[in-house]
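Trainee: what would the 3D arrangement of this be:
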Amino acid sequence: MAAIPGPREQERAEDFGVLLGWSHTRTSRGIQLKVQSTSTEAGNPRDIAARNLLMTRNQALILAKYLLDATGQTLPEKPRRGRLLRLLRRLTGG
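Mentor: Next up is the predicted model:
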């Protein structure tokens, strides 16, 4: 029977670091997220780790909502249409 790892063993097993940047690419199955991080303060380019994560669009949406909620942020509101454009749409039935 395997022993349950203690806190120090769990810390070593998990990957901790500072997020440096990210980019994404749309794929036919979802989104490829490339995350760059480092675990040192010096910022030596050799210490930068890159990890590619594949997510479904639904996973990306859930992650985005989680991050918005965790930071207390909201999506920016779409700009309202101008009064003239709204009036024209009402008059033309569009």
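Trainee: distance between the ends of stretch 68-82?
Mentor: 29 Å (Cα to Cα, to the nearest Å).
Trainee: so how far is that stretch off the chain centroid?
Mentor: Chain-centre distance of stretch 68-82: 16 Å, with Cα atoms, centre = their mean, to the nearest Å.
Trainee: gap between residue 73 and residue 66?
Mentor: Going from residue 73 to residue 66 by Cβ to Cβ, to the nearest Å gives 11 Å. Where you see a C-beta, it was placed from the backbone N, CA and C, and this is true even at glycine.
Trainee: pLDDT weak spots in the chain?
Mentor: Across the chain, the ranges flagged by pLDDT under 70 are 1-13, 42-43, 94.
Trainee: now do the helices in it.
Mentor: Assigned by DSSP state H, the helices in the chain fall at 7-13, 57-71, 83-92.
Trainee: how about these, which one is nearest residue 33?
Mentor: In terms of Cβ to Cβ, the element of the helices of the chain nearest to residue 33 is helix 57-71, at 7.5 Å.
Trainee: which parts of the closest one are buried?
Mentor: Judged by neighbour count using 16 or more other Cβ atoms under 10 Å, the buried positions of helix 57-71 are residue 60.
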